[in-house]
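[1] Provided below are the primary sequence and the corresponding predicted coordinates.
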Amino acid sequence: MLDRDGIRLGQFLKLAGLIESGADAKGVLAGGSVTVNDAPEPRRGRQRRRGDAARLGEQAARVA
């Protein structure tokens, strides 16, 4: 899933096990619950790259 352009945030959240579905991604992102590199990120389609860290509540994952 990770190519030279990265991975979309919604896909990454699912792959990392932080959410269960794309519908979940839409909801948590719209609610402002997700941060990427310590900044709020509402855009599900935003590309994430190696080293980026996403956090949802107490759960966190890093793009490897």
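    All right, it came through fine. Residues are numbered from 1 along each chain as shown.

[2] quick one: residue 29 from residue 53, how far?
    Distance, residue 29 to residue 53, by CB to CB, to the nearest Å: 16 Å. All C-beta spots, glycine's among them, are computed from the backbone N, C-alpha and C.

[3] oh, I was asking about residue 28
    For residue 28, the distance to residue 53 - CB to CB - is 16 Å.

[4] quick one on the thing from earlier: give me the more crowded residue out of residue 29 and residue 53.
    residue 29 (22 against 13; other CB atoms under 10 Å).

[5] name the helices or strands packed onto the helix or strand containing that one?
    Element membership for residue 29 (DSSP states H and E) is helix 22-30. Secondary-structure packing of helix 22-30 (3 or more CB pairs under 8 Å, 6 or more residues apart in numbering; DSSP states H and E): helix 9-15.

[6] How far away from the center of its chain is the helix it packs on?
    Remark: helix 9-15 is offset 5 Å from the chain centroid, using CA atoms, centre = their mean, to the nearest Å.

[7] list the buried ones in it?
    9, 10, 11, 12, 13, 14 (16 or more other CB atoms under 10 Å).

[8] show me the contacts for the first one.
    Under the criterion of CB atoms under 8 Å, 6 or more residues apart in numbering, the contact list for residue 9 reads 25, 29, 34, 36, 41, 43, 44, 45, 46, 47, 48, 54.

[9] from those, which would you call buried?
    Neighbour-count burial (16+ other CB under 10 Å) applied to the contacts of residue 9 gives 25, 29, 34, 36, 41, 44, 48, 54.
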